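Participant: just to be clear, the model below is a prediction. Sequence and coordinates:
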Amino acid sequence: MARINGSEFGLEPEGLQLISPGQRPGNSSTKPFISPERATPDMPQSLSKVLVHLIFSTKHRQPLIGAEIRPRLHAYLIGILDNLKSPSLQTGGVADHVHILFALGRTLSQADLVEEVKKGSSKWMKAEGGVPAFSWQAGYGAFSIGESQVDTVIDYIQHQEEHHRKVTFQEEFRKFLERYQVPYDERYVWD
């Protein structure tokens, strides 16, 4: 913080001076300026809104997510995201993969979030979903979207059943990689 007489803003008792890390005590040759709107007694906030469209499949794209368990799995995924302070805007998918549109929490890396989501939901599918051999593919696709794209992505996720009557997961995923100009090697995308 800069040296100021905080009483000008009603913040500190008269004469108390705050010193910035780059300023030596007793050096009054410079008088840094702090605007009144920045001189508040509250802690500064770190704010962000990073929207991510996350896509990942079952291992070897096996159709292990039956229609009867799908809504419960999606609800469980939403719960994991809520616990990670990264709320889901839409979660859906079909028998062999999921799509999740979420707002990435500001204190968590994308990779850590994906690891927690996949680990927790895989355990749940084994225990509650009745698929003891269940596992997700090792990789995933995560694509940033803008606020103006939210409705389009939500609609896309909600209509996965219809979409996949015509297009396979692999075809869909390749299209995402190409649309977002993500370089990839076909040998390492699938497992």
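Facilitator: Perfect, I can see it now. Residues are numbered from 1 along each chain as shown.
Participant: got the phi/psi numbers for Ala67?
Facilitator: For Ala67, the backbone dihedrals are phi -60, psi -30 (criterion: degrees, to the nearest 10).
Participant: so what's it up against?
Facilitator: Ala95 (CB atoms under 8 Å, 6 or more residues apart in numbering). C-betas here are computed from N, CA, C, even on glycine.
Participant: now do it against Gly93, distance only.
Facilitator: Ala67 sits at a distance of 11 Å from Gly93 (criterion: CB to CB, to the nearest Å).
Participant: ok, now how distant is Leu89 from Glu128?
Facilitator: 24 Å.
Participant: more neighbours, these two?
Facilitator: Leu89 (19 against 12; other CB atoms under 10 Å).
Participant: how far away is the more buried one from Ser121?
Facilitator: When Leu89 is compared with Ser121 (using CB to CB), they lie 18 Å apart.
Participant: also Gly139?
Facilitator: Distance from Gly139 to Ser121, by CB to CB: 16 Å.
Participant: what lies in contact with the worst-scoring helix or strand of the chain on mean pLDDT?
Facilitator: Every helix and strand in the chain was compared by mean pLDDT, DSSP states H and E; the lowest is helix 186-189, with a mean of 88. Here helix 186-189 makes contact (CB under 8 Å, 6+ apart) with 139, 173, 177.
Participant: for the last one, which non-adjacent residue is spatially closest?
Facilitator: Counting by CB to CB, 6 or more residues apart in numbering, Leu177 lies nearest to Tyr184, which is 5.3 Å off, once chain neighbours are set aside.
Participant: what bits of the protein have low per-residue confidence?
Facilitator: 1-43 (pLDDT under 70).
Participant: which residues of it fall in helices?
Facilitator: Taking DSSP state H, the helices of the chain run over residues 70-83, 110-127, 150-158, 160-163, 169-179, 186-189.
Participant: how about those helices, which one is nearest Ala103?
Facilitator: Ranking the helices of the chain by proximity to Ala103 (CB to CB) places helix 70-83 first, at 9.0 Å.
Participant: pull the CA atoms of that closest one into CSV?
Facilitator: C-alpha atoms of helix 70-83 as CSV (Å, rounded to 0.1, in the frame of the first residue of the first chain):
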residue,chain,number,x,y,z
ARG,A,70,-28.2,-41.3,-16.6
PRO,A,71,-30.3,-38.6,-14.7
ARG,A,72,-28.8,-39.8,-11.4
LEU,A,73,-25.3,-39.7,-12.7
HIS,A,74,-25.8,-36.2,-14.1
ALA,A,75,-27.2,-35.1,-10.7
TYR,A,76,-24.2,-36.6,-9.0
LEU,A,77,-21.8,-34.7,-11.4
ILE,A,78,-23.7,-31.5,-10.7
GLY,A,79,-23.2,-32.1,-6.9
ILE,A,80,-19.5,-32.7,-7.3
LEU,A,81,-19.2,-29.4,-9.3
ASP,A,82,-21.2,-27.5,-6.7
ASN,A,83,-18.9,-28.9,-3.9
